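*Asks:* sequence? don't have it. structure:
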């Protein structure tokens, strides 16, 4: 829909033009970074467009810099990737890692906008796009040095078939939080009616 108007102020002729359109949305589900029942979070990184060679280098660099454990990488499209480290850290610590990465800018702001104060990664289909698929692990010499989320280990193993080593420093419940949302409003929407918080039990 297009709208145009014009009016005159003194000797000035002013013209305004606006275009409005309907943007389709797709309902999907994602899992939360929060470690129940704490205020700790695991590390989520979301990349819409990156090659694996570059991603592997970045994840290894982050592991050395912040002394964090393995990253489990999932493909969301040809060049779309999710990276998950199940180390359980404070929101401040995780935010520093996320901000230091080259992941998507909108994703970095998620816990400041999301009413549940978490990062969310999709695990379900999104419109015509299939569910994410596990592709590889970037192993770390620091695996097991930090607390590790029991719930996220169980979820990644059951949902994606990832083989995760036995936890050396387990923390949290066997359940994690699940959110249902419209993909186009995942980050921007504050409407609780558009989101539903559930638990996924191990």
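*Replies:* Yep, that arrived. Please read all numbers here as calculations on a predicted model, not as lab measurements.
*Asks:* Which positions within the strand or helix carrying residue 72 qualify as buried?
*Replies:* Taking DSSP states H and E as the criterion, residue 72 maps to strand 71-75. Under the neighbour-count criterion of 16 or more other CB atoms under 10 Å, strand 71-75 has 71-75 buried. Any C-beta I mention is one placed from the backbone N, CA and C, and that applies to glycine too.
*Asks:* Report the strands that pair with it, each with its relative direction.
*Replies:* Sheet pairing of strand 71-75 (DSSP bridges) gives strand 81-89 (antiparallel), strand 133-138 (antiparallel).
*Asks:* I'd like the ones you listed as TSV, with mean pLDDT, distance to residue 123 and mean neighbour count appended.
*Replies:* Below are these laid out as TSV (pLDDT from 0 to 100; distance: least, CB to CB, whole Å; neighbours: other CB atoms under 10 Å):
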stretch	mean pLDDT	distance to residue 123	mean neighbour count
strand 81-89	98	9	26
strand 133-138	98	11	15
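*Asks:* could I get those as TSV with distance to residue 115?
*Replies:* Output for those, formatted as TSV (distance: least, CB to CB, whole Å):
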stretch	distance to residue 115
strand 81-89	22
strand 133-138	29
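*Asks:* Among those strands, which comes closest to residue 156?
*Replies:* Closest approach to residue 156 among those is made by strand 81-89 (6.7 Å; CB to CB).
*Asks:* got the angle for the next helix or strand along the chain from that closest one vs strand 81-89?
*Replies:* Toward the C-terminus, strand 81-89 is succeeded by helix 91-100 as the next helix or strand (DSSP H and E). Helix 91-100 and strand 81-89 meet at an angle of 150 degrees, taking axes from the mean of the first three to the mean of the last three CA atoms, to 10 degrees as the criterion.
*Asks:* circling back: which one of the strands paired with strand 71-75 lies closest to residue 144?
*Replies:* Proximity to residue 144 (CB to CB) singles out strand 81-89 among the strands paired with strand 71-75, at 9.1 Å.
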